[in-house]
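Chemist: here is my input; please provide its structure:
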Amino acid sequence: VVQIVGDPAERFSRWLSREAGLADARIIRALTGGNANVTSLVETADGPLVLRHPPADTVSDLAGAGIAREFRFISAITGKAPVAEPIFFCDDLAVLGAPFSLTRFVSGTAITDTLPCAYPNSVDTLDAVGHALIDALASVHAIAPVPARLGDADKARTFVVRQIERWRAVRSAHTVRDLPLIETLGAWLAANVPAPEAVRIVHCDYHLDNVLMDPAEPKVMAILDWEMATLADPLVDVGLVTAMWNRDESLPLGFAFVQRVSNVPSVVTGADLAKRWARTTGLSIDHLGYFQAFALWRLAAIVEGAFVLFREGQVDGPYERGLEHDVPALLDAARRIAQRKGMA
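Modeler: The predicted structure follows:
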């Protein structure tokens, strides 16, 4: 006899007990953080878990791709770098109506513009946060050789080239304002792509907001949000995290909140963090400036898509409105870095 369970929460609880041996599962509440997917706390007899799935109104054949990718990557990383322990991935839409993943709950705090209460408010503390941040990234980039199931390592060598081509084309086709640096910087980046020294697991959106820190001391408990993970030159990650670390508050800042706690003149610099990463991984940072410019340009080119939707009246929120300032500021920062590297 097949018993039909109409309540999604009850179906989920029964599925988890049957498939994973986890009894008394209850979806408790939504968790903050992350824009693309729904993140919820689940209590079980075996301890708390984190449930991730796409929003119900975006379910399609590709809706679970990011969730599946995230689970695949953290499954390869767990035990080697700080990530939440993967528990289960399910692509059976009959359970919750969307593909979902379950990971072990990690207790920690995300830092933006203020330090946790237990941290001494000092330059030494901020230096320690930066060191922990870059050391966690280095532990990901130290995973070699990369597991075969994560992608094509040969194709990964052209990641930067393909990203530049893609976002130049997208922004050329969908334009609502004059942003000449999209094309000017894009052309310079395309003409100066360095050959990758190595191919590694790359997070693709690595910064302080996407890690959970120990509330008591500067220690990374888990790197979050792996939906965009791929294989590429690891400097893709190093470029972004260092370009947005310890920024000059006298300049226009794109996404000013990102790593804002680090914007103190005497704090360790992004270049210093990159040197620390290089000592740990044994990889070169000769092309750091290029990848900093690439990271900021790519971010600007991607998020301009949300501003296009805003201008077309399809979305309207503080994030989209803020892009009127954030995108030009990111492009201007990328331009300054590129000019130091020889761009006319």
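
Chemist: quick one: the helices in the chain?
Modeler: 8-20, 65-77, 93-96, 123-141, 153-156, 159-173, 180-191, 235-243, 270-281, 288-311, 318-340 (DSSP state H).

Chemist: among those, which comes closest to residue 28?
Modeler: Closest approach to residue 28 among the helices of the chain is made by helix 8-20 (10.5 Å; CB to CB). Backbone N, C-alpha and C define where each C-beta goes, glycine included.

Chemist: mind listing what's buried along stretch 32-50?
Modeler: Residues 37, 38, 39, 42, 44, 49, 50 are the ones in stretch 32-50 that count as buried (16 or more other CB atoms under 10 Å).

Chemist: so what's the most centrally placed residue in the chain up against?
Modeler: The chain has residue 205 as the residue nearest its centroid, 2.8 Å off, counting by CA atoms, centre = their mean. Counting by CB atoms under 8 Å, 6 or more residues apart in numbering, residue 205 makes contact with 225, 228, 240.

Chemist: can you pull the phi/psi pair for it?
Modeler: Dihedral pair for residue 205: phi -150, psi 50, per degrees, to the nearest 10.

Chemist: tell me the pLDDT at it?
Modeler: Here the pLDDT value assigned to residue 205 is 97.

Chemist: closest one of the contacts of residue 205 to residue 8?
Modeler: For these, the nearest to residue 8 is residue 225 (24.3 Å; CB to CB).

Chemist: any idea how far residue 205 is from the closest one?
Modeler: Relative to residue 205, residue 225 is positioned 6 Å away (CB to CB, to the nearest Å).

Chemist: same check, this time on residue 41
Modeler: Plainly put, residue 41 is 23 Å away from residue 205 if you go by CB to CB.

Chemist: for residue 75, same thing?
Modeler: 19 Å.

Chemist: one step back: want to throw the helices of the chain into TSV with mean neighbour count?
Modeler: Formatted as TSV, those follow (neighbours: other CB atoms under 10 Å):
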stretch	mean neighbour count
helix 8-20	16
helix 65-77	21
helix 93-96	15
helix 123-141	21
helix 153-156	15
helix 159-173	16
helix 180-191	17
helix 235-243	27
helix 270-281	19
helix 288-311	23
helix 318-340	18
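
Chemist: select, out of those helices, the one closest to residue 256.
Modeler: Of all these, helix 318-340 comes closest under CB to CB, at 8.0 Å.

Chemist: any idea of the angle the closest one forms with helix 180-191?
Modeler: Relative orientation of helix 318-340 versus helix 180-191 (axes from the mean of the first three to the mean of the last three CA atoms, to 10 degrees): 50 degrees.

Chemist: helices and strands around helix 318-340, which ones?
Modeler: In this structure, helix 318-340 makes packing contacts with helix 180-191, helix 288-311, judged by 3 or more CB pairs under 8 Å, 6 or more residues apart in numbering; DSSP states H and E.

Chemist: distance between it and the chain's centre?
Modeler: 18 Å (CA atoms, centre = their mean, to the nearest Å).

Chemist: contacts for that helix next, please.
Modeler: 179, 181-182, 184-185, 188-189, 243, 247, 251-255, 289-290, 292-294, 296-297, 299-300, 303-304, 306-307, 309-310, 343.
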